[in-house]
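Undergrad: This is the structure alone, sequence omitted:
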């Protein structure tokens with residue numbers, strides 16, 4: 001029972017790392033009146049490319065931390081299976 005609960009908590013912790021943008025995308029709603037949409041789309045693509053570069057570094061750091069947590073919990077559960 002305890003092992004099942006810990007496994008469930010680990011799975012929930014890992015799935016909680018995904019964001020709503022991963023599921024729905026990121027399409028902002030704008031007021032397009034008086035806006036050059038071609039220039040807006042070019043600016044948006046440039047901004048998204050820059051944000052993706054920053055996000056890659058953040059995801060790598062978060063992945064390392066979550067991997068350490070999951071590994072620690074797994075080691076605690078398996079390593080203490082005698083009790």
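TA: Here it is on my side, so go on. Values in this document were obtained by computation on a predicted structure and should not be read as measured data.

Undergrad: Over to residue 46. Which of the three states is it?
TA: The three-state label given to residue 46 by DSSP: H, G, I helix; E, B strand; the rest coil is helix.

Undergrad: From residue 75, how far out is residue 6?
TA: Going from residue 6 to residue 75 by CB to CB, to the nearest Å gives 11 Å. In short, each C-beta sits where N, CA and C put it, glycine included.

Undergrad: More neighbours: which of these two?
TA: residue 6 (14 against 10; other CB atoms under 10 Å).

Undergrad: what about the helices in this structure?
TA: Ranges of helices within the chain are 2-15, 20-24, 37-79, based on DSSP state H.

Undergrad: Confidence-wise, which of those is weakest overall?
TA: Of all the helices of the chain, the segment with the smallest mean pLDDT is helix 20-24, scoring a mean of 60.

Undergrad: Relative to residue 47, how far out is residue 38?
TA: Taking CB to CB, one finds residue 38 at 15 Å from residue 47.

Undergrad: show me the contacts for residue 28.
TA: residue 44 (CB atoms under 8 Å, 6 or more residues apart in numbering).

Undergrad: Backbone dihedrals for residue 28, both of them.
TA: Main-chain dihedrals, residue 28, degrees, to the nearest 10: phi -70, psi 150.

Undergrad: Likewise for the one 4 residues further on?
TA: Residue 32 adopts backbone torsions of phi -90, psi 0, taken as degrees, to the nearest 10.

Undergrad: Leaving out sequence neighbours, find the closest residue to it.
TA: Distance criterion CB to CB, 6 or more residues apart in numbering; nearest residue to residue 32, sequence neighbours excluded, is residue 40 at 7.7 Å.

Undergrad: With residue 52 as the reference, measure out to that neighbour.
TA: 18 Å.

Undergrad: Please apply the same query to residue 33.
TA: Taken as CB to CB, the span from residue 33 to residue 52 is 29 Å.
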